[in-house]
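# Next come a sequence and a model predicted from it.
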Amino acid sequence: MTAMAEPPAAGVRFLDKLTAPTLFTMIMVSALGPISMNMFLPSMPSMAEHFDVEYSMMTLAVTAYLAAMGVMQMFFGPLSDRYGRRPVLLTAFSVFIVATVGCLIAPTFEVFIACRLLQAGAAAGLVLARAMARDLYGPDEAASRIGWITMGMAVGPMLSPMVGGLLEQHYGWQAAFAAMLGFGALALVLAWGDAGETNRHRSSSIAAQMRGYPELIRSRRFWGYAAAAAFASGSFFAFLGGASYVGTRVLGLSPDMVGFYFGFIACGYMSGNFCSGMFSARVGMNRMILVGTLVATTGMTVALALHVYGIVHPVALFGPILLVGLGNGMTIPNATAGTLTVRPHLAGSASGLGSTLMIGGGAGFAALTGMMLTEDAGALPLIGPYLPSEPSALPLIAMMLASSVASVLAMLYVFWVASRRGPLPQAMQG
């Protein structure tokens with residue numbers, strides 16, 4: 001390892017490139033990815049009509065984006081461990097801006113999807129803000145800081161579907177991408193002016209950093225934390241893949257109302273992040289994760305029970321899903337801190353690999369949910385009698401519940417490993 005020539009100056013000053021980024025800047029750069037993923041969701045049915053494709057094809061705008069995020073994050077971490085967090089962040093955000101312009105002017109669905117793939121450069125903000133937090137703090141304190149970051153970040157996905165729905169209702173789907181472009185430009189300016197370098201121990205080469213992946217892969221505790229985060233987020237990504245369809249085709253909601261109800265899960269997520277920020281350092285990240293996974297599972301169990309008893313109403317679906325957001329807000333920041341803690345000298349690589357597993361799994365859940373929600377897909381024969389073929393919310397509920405239960409099992413595995421090997425030390429481990 002070689003130390004950085006000039007570490008950030010002591011103290012944090014806003015718009016000072018010689019100091020570590022402020023919490024505000026870390027929130028803003030983290031929010032770009034979720035905003036670009038969520039803002040256009042209420043417009044998906046009308047975008048399918050615009051490009052003359054089936055809704056199941058339009059879900060590629062979600063799944064392809066998530067898949068590209070997963071691949072890119074495999075490289076963002078090692079690149080930032082080698083060259084620093086700042087240059088990787090600025091380059092990725094520049095690519096995002098060019099890609100967003102491409103989405104706005106895309107003449108065909110194929111061109112749009114290609115530009116959408118490049119928009120995944122926004123994922124650098126999510127990966128690197130977390131790595132920056134781990135650069136500066138110990139495990140439980142990093143979990144607390146990441147909780148505050150994601151709480152603030154959650155405002156974006158909470159408001160962006162509402163804003164996107166209103167923009168689509170009055171100006172068409174392109175307006176949502178114009179709004180993404182404006183936020184991307186703001187995030188780039190903030191990153192340029194305020195995101196001082198935090199990586200004080202850069203690796204000697206990319207190859208040396210990539211060789212750190214086997215060390216992570218051999219860590220059972222890393223896999224436990226990564227699986228807990230991946231399955232917790234899987235319920236959210238299943239929601240992204242199916243909620244627009246369920247809202248419009250099953251519940252008969254307008255795009256702006258779909259955007260409003262999208263805010264439920266984001267509001268819950270922000271509340272869970274607040275709990276993480278307030279209590280993770282005192283309660284401990286493992287217990288916070290377990291509570292979060294149980295809360296999310298409870299929410300989807302309630303949603304399933306209401307559906308089975310024939311209660312079909314937006315609040316009957318989106319109300320329990322608020323608990324999924326709450327649980328994920330407690331689970332994901334703490335599980336992320338766990339993945340970064342098992343090998344702190346590989347924080348960037350751990351952030352990239354963990355995020356890849358989380359996003360890659362999420363892409364699969366979103367794609368599968370989108371495939372299951374068609375005009376010919378009725379209730380799944382998972383429970384009770386098979387209902388007549390008709391649009392139904394049950395495939396969405398079933399996928400979200402299965403993912404939440406899997407997150408509980410993953411966290412129980414972490415507790416089992418900890419019982420055999422002891423807790424992680426609070427100091428910076430090697």
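Okay, I see it. Numbering: from 1, shown residues only.

# What are the boundaries of the helices in the stretch 151-300 of the chain?
For the stretch 151-300 of the chain, applying DSSP state H, counting those that start in this stretch gives helices covering 155-171, 174-194, 206-210, 212-217, 220-245, 255-283, 285-308.

# Next, format these as TSV and append distance to Leu412.
Heads up, the C-betas are built off the backbone N, CA and C, glycines and all. Below are these laid out as TSV (distance: least, CB to CB, whole Å):
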stretch	distance to Leu412
helix 155-171	29
helix 174-194	38
helix 206-210	32
helix 212-217	21
helix 220-245	9
helix 255-283	17
helix 285-308	8
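
# and of those helices, who's closest to Trp148?
Shortest distance between Trp148 and the helices of the stretch 151-300 of the chain, using CB to CB, is found for helix 255-283: 4.1 Å.

# okay, stretch 95-112 in PDB with CA atoms only?
Extracted as PDB, the C-alpha positions of stretch 95-112 are listed here (Å, rounded to 0.1, in the frame of the first residue of the first chain):
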ATOM      1  CA  VAL A  95     -20.900   9.300 -18.000                       C
ATOM      2  CA  PHE A  96     -24.300   9.500 -16.300                       C
ATOM      3  CA  ILE A  97     -25.000  13.000 -17.600                       C
ATOM      4  CA  VAL A  98     -24.100  12.000 -21.200                       C
ATOM      5  CA  ALA A  99     -26.300   8.900 -20.900                       C
ATOM      6  CA  THR A 100     -29.300  10.800 -19.600                       C
ATOM      7  CA  VAL A 101     -29.200  13.100 -22.600                       C
ATOM      8  CA  GLY A 102     -29.200   9.900 -24.700                       C
ATOM      9  CA  CYS A 103     -32.300   8.600 -23.000                       C
ATOM     10  CA  LEU A 104     -34.100  11.900 -23.700                       C
ATOM     11  CA  ILE A 105     -33.400  11.800 -27.400                       C
ATOM     12  CA  ALA A 106     -33.500   8.000 -28.000                       C
ATOM     13  CA  PRO A 107     -35.300   7.200 -31.300                       C
ATOM     14  CA  THR A 108     -35.800   3.500 -30.500                       C
ATOM     15  CA  PHE A 109     -36.300   1.200 -27.500                       C
ATOM     16  CA  GLU A 110     -32.900  -0.400 -28.200                       C
ATOM     17  CA  VAL A 111     -31.100   2.900 -28.100                       C
ATOM     18  CA  PHE A 112     -33.000   3.900 -24.900                       C
END
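
# From the rest of the structure, what touches that stretch?
32, 36, 51-53, 57, 61, 114-119, 121-122, 174, 177-178, 180-181, 184-185, 188 (CB atoms under 8 Å, 6 or more residues apart in numbering).

# Going by neighbour count, list what's buried in that stretch.
Buried residues in stretch 95-112, counting neighbours by 16 or more other CB atoms under 10 Å, are found at Val95, Phe96, Ile97, Ala99, Thr100, Gly102, Cys103, Leu104, Ala106, Phe109, Phe112.

# where does the last one land in three-state SS?
It refers to Phe112. Counting by DSSP: H, G, I helix; E, B strand; the rest coil, the backbone at Phe112 sits in helix.

# pLDDT score assigned to it?
Turning to Phe112, the model gives it a pLDDT of 95.

# Same question for the first one.
At Val95 the predicted local confidence, pLDDT, stands at 94.

# Can you report phi and psi for it?
Main-chain dihedrals, Val95, degrees, to the nearest 10: phi -60, psi -40.

# which one of the helices of the stretch 151-300 of the chain has the most crowded surroundings?
helix 220-245 (a mean of 27; mean count of other CB atoms under 10 Å).

# Lowest mean pLDDT across the helices of the stretch 151-300 of the chain, which one is that?
Among those, helix 206-210 scores lowest, at a mean of 63.
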